[in-house]
Structure formats: C-alpha cells, structure tokens
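Participant: Quick check, what structure comes out for this input:
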Amino acid sequence: MLNISKNELKDQPNLNNFNAGRKVMKRKHYKYFNRFLGGFALFAIILMFLPWTQNISGNGFVTTLTPDQRPLTLQSAIAGRIEHWHVREGDRVEKGDTILEISEVKSEYMDPNLVKRAGQQIDAKSASVQSYREKIGQLDNQIEALAGERVLKLDQAKNKLLQAKLKIDQDSIDLIAANNDERIAQKQLERTEQLESEGIKSTVDVEDKNLKARSTMAKANSQEQKLLQTRNAVIVAEIELGRIKQEYAEKIAKARAEQFTAQSSQLDVEAEVSKLETDRSNYQIRTDLYFVKAPQDGFINKAILGGIGETFKEGEPLINIMPTNYDLAVETFVEPIDLPLIHEGEKVRVQFDGWPAIIFSGWPNASYGTYGAKVIAVETFITEGKGKYRILLAPDEEDHAWPDALRPGSGARTIALLEDVPIWYELWRRLNGFPANYYIPETTKKETNEKKKK
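Facilitator: Next comes the predicted model:
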C-alpha cells in the first residue's frame, strides 16, 4: 500500500483467492510477449538490410516548360487613359484580338491629324530638296559654260600674244632695215662732203644728202619706238592672258562654292525629311498602340485596372492572361547541400496538390499517386529570398501521363531518387546528419571518359 496512514494493516489479502488476481499473477503471458519481442527484433534486423533509395525532397509548384507559355501580365508601352473594354474576365481571346482601347494623355500627341501634318511637312521638305537639286544642276551647267568661255577667251588672248610676238619680229626687221638705210645715208653724206671739199660736188648735193641722212635717222628712231611699243603690247597680252585665267578661276570657284552650299543645304533638308519620316512612323506606331491587343491565344484571368477614364503610366500592368496552349512542368527548390546530387536527365517523383497519394520515399515502386518527371534544368545561382536552388522538371515520357485537370500554379512535392543503400546505413547517415552519397550518373561518366580519351 502507499503507507500514508499510520494505521497498520494486520491481515494481508491473498490475491490468488480472487479470479482477477489469479489471471494477473499468471506468468504464461510473458512467454508470448518474449516471443513477440524476439520475432520483432528478428524482423527489425532483416528490415535493416532491405534496400532503401536515398532521395531529396522539395516543395514547388506547377509551371510551364517554356517562358512564352507562362501567365503574362499585359502592359502598355505608352501612358494613356482607359476608354473602352472589349473583353470580360474569363473570356477566351485569340492572338491579335483587341482587349482594351485607350486614349492619349500627353499634349504633344493629342492632335488627331498628327500623322497627316507630319506627311505635309515631309512633302514640303521633299519639294525643298528637289529645288536644291535643280539649283545644283543649274550651277553645274553654269560651271560648264564658264569653263567653255574660259577656253575661248584664253585662245583669243593667246592669239593676241602670238600676233604681238610676230609683230616684234617684223618691227625688228624693219628696225634693222632703217638702221642700214641710216648708215648708207650717213656714208653718202660723208662722201658728198668730201667731194664738195674737192670741188666735185656742189653744196646743194651736200644739203640733199644731209637731208636724206637725217630722214633715215628719224625713220630709224621711229622704227625703234615702234618696236618698243610692240614689245610692250606683248607684255600687255601676257598680262591679259593671266587676268583671264584668274577671272574665270574666280567665277568657277564662286559657282562651285554656291554649288557646295546648295549640296550642304540639300543634305540638311534630306536629314530633316528622314527625321520627319521617322516621326511619322513613330506616330503611326503610337496610334496602333491605342488598341491593346492579345499577344497570343489565352484566357483573361484578371483585369488589374478597371473602369473608364482611369489613367496609367507606360509599363504599368493592365491585365493578366493565361495562354491556352502550354506544356506543364514543375518548379521545385532544393537545399544548397543537395545541389551537387542533382543532374540533368535524372528521375524524380512528383505529388500534386489535390491528387491523393501514398508515398514511401525510400521505396518509390510502392508509392501510389505520384507521377514521373525528369530534371531538364538546374539553376546555377541561388534564388533570392529562398536560400535554395531552383530545379525545373518536365514530364517523364516513359511514365504515365500527368493529370489533365492539372493547372499552372498548383502546389507540388518532389522526391528526387538517388542511390540504393541498406536501411541501416540510411538511419546511421540521418542520425549523424551526413548528406546523401555523392555519385555521378552513368551518362555523365561516359561523357567524361570520352572527353579524356579525346
């Protein structure tokens, strides 16, 4: 008893006198219990040597295989104001269907005839370009005319120079002849004076010879003066030739300067025309942006902005669309310590939210309700905010197909299967906190060996 009271119990009851006591005090049940413990210990020992598949578990969600199949948020490239909705949430749209109509909010684009006015400016500038082209052509003709006139003027001046040079030769010959006549007349005068002193010739004869000598002397002086004038005419002709060259060179240079100025103005106007054409194209493209259209086939999930007259900035989300056609995939996350154990092409088991499953992670063949997948991409940089690496899984063609009712965004739990080890080894590893066995898949080993051989 508990011996709480100080009163002593004089008579100790014999429990064997009672049926309950006799049943409890029997020793036979210990024998069965010991057999059970022995059998359980033998079963546990045998169980410890059964194969266990090491695995890496992770949580993720269903997504699409390619980025263009994932839900997209439609935005507007320009700021605007909502004018009219053409769809409702849940509607199915095809590529190119108008979803939303907006209007302009920036003052520089509010003119409804902006594209037309830009075209008129382009036409005016194009006409100016044509005028400059015609001016350049006229200046070309003017330069050609000046060049031809210069050739004629130079020929005329050269002819005058040649005439002057020939006149010099003629005047030189005439001067020589005049000098000879002067010498002859002087000698005749001297002989006549000598004959007069001897009394043979009269004074009249002497005076005649003297007059003739003076006449020939004057003629020689006149001829010499004429020669000097002719030489001066040659110099004048040479100066005139140089003046003509300089004059027409200046005229042609002036015409070419005007031509270059016209060409420069033409290029400036052409640049303005090109800019105006760019502006017109931008205006046309901006006009097309007033109608927000579906980029691909899909369903309208949610209108982020609503109402009529609500304004928004460029790049602000307007509506969410889910593509109609997509290939499912699973995006899961693993710890950094498990990343070296994940390789592309490896098998993974996936459990989806909403589909009941009985999972034995170490015995994948005994699991029920899981679906096959394989690794197609391993992220090489840790996901910000999660501290884990992202793994992308695709359906395994060799396994049964994923559920048809599965939709992107639903939750998923993944189990990546690794090497087979005994259960006792797996328990020892987990008790010590060791990672799963590091291994290289057979395909990777073959590729490495081939590279080494090469």
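
Participant: Show me the protein divided up by domain.
Facilitator: 16-48, 50-69+326-448, 73-96+291-322, 114-288 (automatic domain parsing).

Participant: distance between the third one and the chain's centre?
Facilitator: Right, domain 73-96+291-322. Centroid separation for domain 73-96+291-322 versus its chain: 28 Å, with CA atoms, centre = their mean, to the nearest Å.

Participant: first to last residue in that domain, what's the distance?
Facilitator: Chord length of domain 73-96+291-322, first to last residue, is 9 Å (CA to CA, to the nearest Å).

Participant: could you give the mean pLDDT of it?
Facilitator: In this model, domain 73-96+291-322 has an average pLDDT of 88.

Participant: do you know which of the domains of the chain lies nearest residue 103?
Facilitator: Among these, domain 73-96+291-322 comes nearest to residue 103, with 4.9 Å by CB to CB. For glycine as for every other residue, the C-beta is placed from the backbone atoms N, C-alpha and C.

Participant: Neighbours of residue 92, how many?
Facilitator: Residue 92 is flanked by 12 other residues according to other CB atoms under 10 Å.

Participant: how close does it get to residue 72?
Facilitator: Going from residue 92 to residue 72 by CB to CB, to the nearest Å gives 15 Å.

Participant: Ok, residue 246 next?
Facilitator: Look at residue 246 and residue 72: by CB to CB, they are 76 Å apart.

Participant: Those two: which has the busier surroundings?
Facilitator: Taking other CB under 10 Å, residue 246 and residue 72 do not tie; residue 72 has more neighbours (19 against 10).

Participant: List the residues that contact that one.
Facilitator: Contact partners of residue 72, counting by CB atoms under 8 Å, 6 or more residues apart in numbering, are 295, 298, 320-321, 323.

Participant: Could you identify the most distant pair in those?
Facilitator: Once CB to CB is applied, the contacts of residue 72 give 295 and 320 as the farthest pair, at 12.6 Å.

Participant: For the two, list the residues in contact with both.
Facilitator: Residues touching both residue 295 and residue 320 by CB under 8 Å, 6+ apart: 72, 74.

Participant: What residues sit buried inside stretch 293-309?
Facilitator: Neighbour-count burial for stretch 293-309, with 16 or more other CB atoms under 10 Å as criterion, is recorded at 294, 298-300, 303.

Participant: Could you do stretch 320-335 as well?
Facilitator: For stretch 320-335, the neighbour count (16+ other CB under 10 Å) marks 320-323, 326, 328-334 as buried.

Participant: how far is that stretch from where the chain is centred?
Facilitator: Stretch 320-335 has its C-alpha centroid displaced from the chain centroid by 29 Å (CA atoms, centre = their mean).

Participant: quick one, helices of the stretch 301-450 of the chain?
Facilitator: According to DSSP state H, counting those that start in this stretch, the stretch 301-450 of the chain carries its helices in the segments 423-432, 442-453.

Participant: And the pLDDT for residue 7?
Facilitator: 61.

Participant: hmm, I was thinking of residue 433
Facilitator: As predicted, residue 433 sits at a pLDDT of 74.

Participant: Please state the backbone phi and psi of it?
Facilitator: Main-chain torsions, residue 433, degrees, to the nearest 10: phi 70, psi 20.

Participant: same question, residue 52
Facilitator: With angles defined as degrees, to the nearest 10, residue 52 sits at phi -130, psi 130.

Participant: pretty sure it is in contact with residue 422, am I right?
Facilitator: Yes. Residue 52 is in contact with residue 422 according to CB atoms under 8 Å; the separation is 6.6 Å.

Participant: And these two? Which one has more around it.
Facilitator: The neighbour count for residue 52 versus residue 422, taken as other CB under 10 Å, is higher for residue 52 (21 against 14).

Participant: for the longest helix anywhere in the chain, packing partners?
Facilitator: Scanning the chain for the longest helix, with DSSP state H as the assignment, gives helix 203-288. With contacts defined as 3 or more CB pairs under 8 Å, 6 or more residues apart in numbering; DSSP states H and E, helix 203-288 has these neighbours: helix 114-197.

Participant: Report the inter-axis angle for the longest helix of the chain versus helix 114-197.
Facilitator: Orientation check (axes from the mean of the first three to the mean of the last three CA atoms, to 10 degrees): helix 203-288 against helix 114-197 gives 170 degrees.

Participant: what mean pLDDT would you report for helix 203-288?
Facilitator: 83.

Participant: hmm, who's touching the helix or strand following it?
Facilitator: Downstream of helix 203-288, the first helix or strand assigned by DSSP states H and E is strand 291-293. Contacts to strand 291-293, defined as CB under 8 Å, 6+ apart, come from residues 74, 76, 96-102, 318-319.

Participant: Quick check: which ranges of the stretch 1-150 of the chain have low pLDDT?
Facilitator: By pLDDT under 70, the weakly predicted segments of the stretch 1-150 of the chain are 1-13, 15-16, 21-31.

Participant: What are the boundaries of the helices in it?
Facilitator: Under DSSP H, counting those that start in this stretch, the stretch 1-150 of the chain gives helices at 19-24, 28-48, 114-197.

Participant: Check the burial of the nearest residue to residue 80 once chain neighbours are set aside by counting its neighbours.
Facilitator: Nearest-residue entry for residue 80: residue 102, 3.6 Å, with adjacent residues in sequence omitted and distances by CB to CB, 6 or more residues apart in numbering. Neighbour count of residue 102, defined by other CB under 10 Å: 21.

Participant: How about residue 81?
Facilitator: Residues near residue 81, counting by other CB under 10 Å, number 13.

Participant: go on, residue 107?
Facilitator: Here the number of neighbours of residue 107 (other CB under 10 Å) works out to 7.

Participant: go on, residue 375?
Facilitator: By other CB under 10 Å, the residues close to residue 375 number 19.

Participant: next one: residue 414
Facilitator: Residue 414 is flanked by 24 other residues according to other CB under 10 Å.

Participant: what's near enough to touch it?
Facilitator: 57-60, 330, 332, 348-351, 373, 391, 393 are the contacts of residue 414 under CB under 8 Å, 6+ apart.

Participant: What about the residues you listed, which are in strands?
Facilitator: Among the contacts of residue 414, the members found in strands (DSSP state E) are 57-60, 330, 332, 348-351, 373, 391, 393.

Participant: Using PyMOL, define a selection of the buried residues within these.
Facilitator: Applying 16+ other CB under 10 Å to the ones in strands among the contacts of residue 414, the buried members can be selected in PyMOL as follows:
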select buried, resi 57+58+60+330+332+348+349+350+351+373+391+393
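
Participant: Can you lay out the ones in strands among the contacts of residue 414 as a markdown table showing distance to residue 282?
Facilitator: Output for the ones in strands among the contacts of residue 414, formatted as a markdown table (distance: CB to CB, whole Å):
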| residue | distance to residue 282 |
| --- | --- |
| 57 | 54 |
| 58 | 49 |
| 59 | 48 |
| 60 | 44 |
| 330 | 44 |
| 332 | 45 |
| 348 | 50 |
| 349 | 54 |
| 350 | 49 |
| 351 | 53 |
| 373 | 47 |
| 391 | 44 |
| 393 | 44 |
